[in-house]
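Visitor: Have a look at this prediction, sequence included:
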Amino acid sequence: MTWNRFQQYLCHCPELGLWLDYSRMQFDDDYLNRMEPALQKAFSAMQALERGAIANPDENRMVGHYWLRAPELAPTNEIRQEIVTTVDRIESFTAAIHAGTITAPGNRLFKKLLVIGIGGSALGPQFVADALGSCTDKLVPFFLDNTDPDGMDRVFGQINDLSDCLVLVISKSGSTKETRNGMLEAKAAWQRAGLDFSKQAVAITGAGSELDSLATTEGWLDRFPMWDWVGGRTSVTSAVGLLPAALQGLDIRALLKGAQICDQVTRSTIISFNPAALMALMWHHATGGSGSKDLVMLPYKDRLLLFSRYLQQLIMESLGKQLDLDGKEVNQGLSVYGNKGSTDQHAYVQQLRDGVHNFFVTFIEVLQDRTGNSIEVDPGVTSGDYLFGFLYGTRKALSENGRESMTITVEKLDAATIGALIALFERTVGLYASLININAYHQPGVEAGKKAASAVLELQKKVQNWLAEHPDQTDAAEIAQHLAAPDETETVYAILRRLQAR
């Protein structure tokens with residue numbers, strides 16, 4: 001790679017303290033010009049989205065996560081006011097918790113925070129908490145993000161004393177089974193400890209939902225809104241992400257500002273100035289616009305460990321679609337995996353360099369090592385210098401073997417930077433979705449999985465009822481035949497094995 005190519009294909013956004021180096025993607029020099037018409041069409045679709053067009057036709061919903069950090073862009077005064085009021089309420093509630101105006105049992109300060117959610121209601125808050133948290137957090141966060149009983153017991157054991165733990169239950173509908181189960185398990189744990197769960201609980205949910213009604217009836221501490229125009233995977237700059245972050249003691253205004261500035265930058269229709277547009281084009285180039293290669297995320301910063309996990313949902317739930325906007329079967333998607341550098345150099349980088357060539361890489365570099373000074377571990381060399389060396393060495397080793405990569409560089413890792421990174425990938429996903437002609441804002445596959453799970457549980461109830469009347473008959477095929485479900489014999493066998501172990 002030549003110096004001229006590096007200079008030509010380096011996008012610097014001083015407003016964000018961010019650089020995008022896409023010079024090691026192996027596109028030809030005319031590629032950006034050829035893609036210009038398609039990208040301008042994607043810009044138009046994004047503009048319509050931000051103006052309030054119906055983007056989720058399955059549920060007749062707008063998609064307004066961009067309004068969360070720029071309420072003045074919302075299509076109605078009501079939405080604008082709701083956004084502003086909610087952020088103000090988050091700050092006032094948080095201030096009352098931190099000051100001890102709202103207290104735990106025995107007039108004690110809350111010291112811990114349990115967040116109960118699933119998918120975007122957990123991944124976003126977890127990522128932000130891990131990226132920005134420290135030993136001086138106002139409230140130490142814990143998460144229930146699954147319906148695994150052993151996992152829940154483990155979290156309750158880590159919390160230990162529940163009496164100074166505030167609980168956030170996050171569910172738009174209030175009927176999401178994993179979140180509901182986590183709430184019921186938490187209620188049982190509080191009851192075993194002789195505590196009143198409702199005096200330590202807060203709901204983040206849709207107005208009039210099952211959870212909203214429950215929190216009102218039981219007199220929970222407070223309720224915050226989830227709007228139908230914010231999808232779970234893009235909800236981190238709503239109350240879903242802002243309330244836990246604020247309670248932890250993080251600067252939510254800075255996070256919102258970083259996202260807002262990134263939104264402004266990535267609205268530019270001049271491709272070379274727009275890092276989201278450039279990343280979307282590189283995704284299209286690398287995969288042929290068909291998801292033929294995986295995206296490997298390699299952040300060289302421990303605090304970004306959960307970023308790839310967060311991006312898995314944002315990208316794969318948004319882009320993994322069977323049909324395009326014209327109803328044509330396309331089976332689109334973009335698989336995402338990753339951990340962190342330089343750890344991965346001792347794990348799967350060997351395959352990335354020498355093995356199957358089914359991926360492209362996005363490195364993330366943070367220029368500031370730490371807030372204080374670093375010792376020298378070798379003459380003139382710090383631990384952070386080694387991290388820098390490993391990043392650029394790995395990038396070079398991959399490039400020499402024909403492996404493509406981009407590098408995102410940021411000056412430092414703070415709340416504004418995290419907000420900017422979140423917004424950068426949200427915009428990239430939206431633009432790329434337009435390039436490949438799919439709808440990024442619905443998720444029919446997720447709903448299909450939920451329906452299938454409900455059918456399994458209904459069958460389990462029938463099996464249990466059959467066993468109660470015929471305790472000696474435990475042959476899966478026979479039971480399935482009696483239940484008029486011969487095609488579900490395998491599932492009946494799994495249910496019997498499960499019941500025996502339970």
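Guide: Structure's in. What do you need?

Visitor: what is the mean pLDDT for stretch 83-91?
Guide: Taken as a whole, stretch 83-91 has an average pLDDT of 98.

Visitor: Name the residues of that stretch that are buried.
Guide: By neighbour count with 16 or more other CB atoms under 10 Å, stretch 83-91 contains the buried residues 83, 86-87, 89-90. Where you see a C-beta, it was placed from the backbone N, CA and C, and this is true even at glycine.

Visitor: Which SSE is immediately downstream of the helix or strand harbouring residue 423?
Guide: If you go by DSSP states H and E, residue 423 is part of helix 415-435. Next along the chain after helix 415-435, taking DSSP H and E as the criterion, comes helix 444-469.

Visitor: roughly how far is that next one from the heart of the chain?
Guide: Between the centre of helix 444-469 and the centre of its host chain there is 28 Å, according to CA atoms, centre = their mean, to the nearest Å.

Visitor: what's the answer for stretch 208-218, then?
Guide: 26 Å.

Visitor: got the buried residues for it?
Guide: For stretch 208-218, by 16+ other CB under 10 Å, it's 209, 211-212, 214-215.

Visitor: Make JSON lines from the residues you listed and add secondary structure, pLDDT and distance to residue 369 to it.
Guide: Below are those laid out as JSON lines (DSSP: H, G, I helix; E, B strand; the rest coil; pLDDT from 0 to 100; distance: CB to CB, whole Å):
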{"residue": "209", "secondary structure": "coil", "pLDDT": "95", "distance to residue 369": "45"}
{"residue": "211", "secondary structure": "helix", "pLDDT": "96", "distance to residue 369": "43"}
{"residue": "212", "secondary structure": "helix", "pLDDT": "97", "distance to residue 369": "45"}
{"residue": "214", "secondary structure": "helix", "pLDDT": "96", "distance to residue 369": "47"}
{"residue": "215", "secondary structure": "helix", "pLDDT": "97", "distance to residue 369": "44"}
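
Visitor: how about residue 457, what does it touch?
Guide: If you count contacts by CB atoms under 8 Å, 6 or more residues apart in numbering, residue 457 has none.

Visitor: so how far is residue 152 from it?
Guide: Counting by CB to CB, to the nearest Å, the separation of residue 457 from residue 152 is 19 Å.

Visitor: Ok, residue 393 next?
Guide: 42 Å.

Visitor: ok, these two, which is more surrounded?
Guide: Taking other CB atoms under 10 Å, residue 393 and residue 152 do not tie; residue 152 has more neighbours (20 against 13).

Visitor: Quick check: what element follows the helix or strand containing that one along the chain?
Guide: In this assignment (DSSP H and E), residue 152 forms part of helix 149-159. Note on helix 149-159: by DSSP H and E, the next helix or strand toward the C-terminus is strand 165-171.

Visitor: Just the C-alpha atoms of stretch 425-435, please, in CSV.
Guide: Extracted C-alpha coordinates of stretch 425-435, given in CSV (Å, rounded to 0.1, in the frame of the first residue of the first chain):
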residue,chain,number,x,y,z
PHE,A,425,-22.6,2.2,13.4
GLU,A,426,-26.3,3.0,13.6
ARG,A,427,-26.0,5.2,10.5
THR,A,428,-23.8,2.7,8.7
VAL,A,429,-26.4,0.0,9.2
GLY,A,430,-29.1,2.2,7.9
LEU,A,431,-27.2,3.3,4.8
TYR,A,432,-26.0,-0.2,4.0
ALA,A,433,-29.5,-1.5,4.3
SER,A,434,-30.6,0.9,1.6
LEU,A,435,-27.7,-0.1,-0.6
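
Visitor: So what touches it?
Guide: With contact meaning CB under 8 Å, 6+ apart, stretch 425-435 is reached by 35, 38-39, 41-43, 45-46, 49, 65-66, 234, 262-263, 266, 276-277, 279-281, 283-284, 289, 311, 314-315, 318-319, 334, 439-440.

Visitor: Restricted to strands, list the residues you listed.
Guide: Among those, no member falls in strands (criterion: DSSP state E).

Visitor: In helices, which of those residues appear?
Guide: If you go by DSSP state H, the contacts of stretch 425-435 have 35, 38-39, 41-43, 45-46, 49, 262-263, 276-277, 279-281, 283-284, 311, 318-319 in helices.

Visitor: Please name the nearest non-neighbouring residue to the most centrally placed residue in the chain.
Guide: Centroid check for the chain by CA atoms, centre = their mean gives residue 310 as the closest residue, at 3.5 Å. The shortest distance from residue 310 to any non-neighbouring residue, by CB to CB, 6 or more residues apart in numbering, is to residue 127 (4.2 Å).
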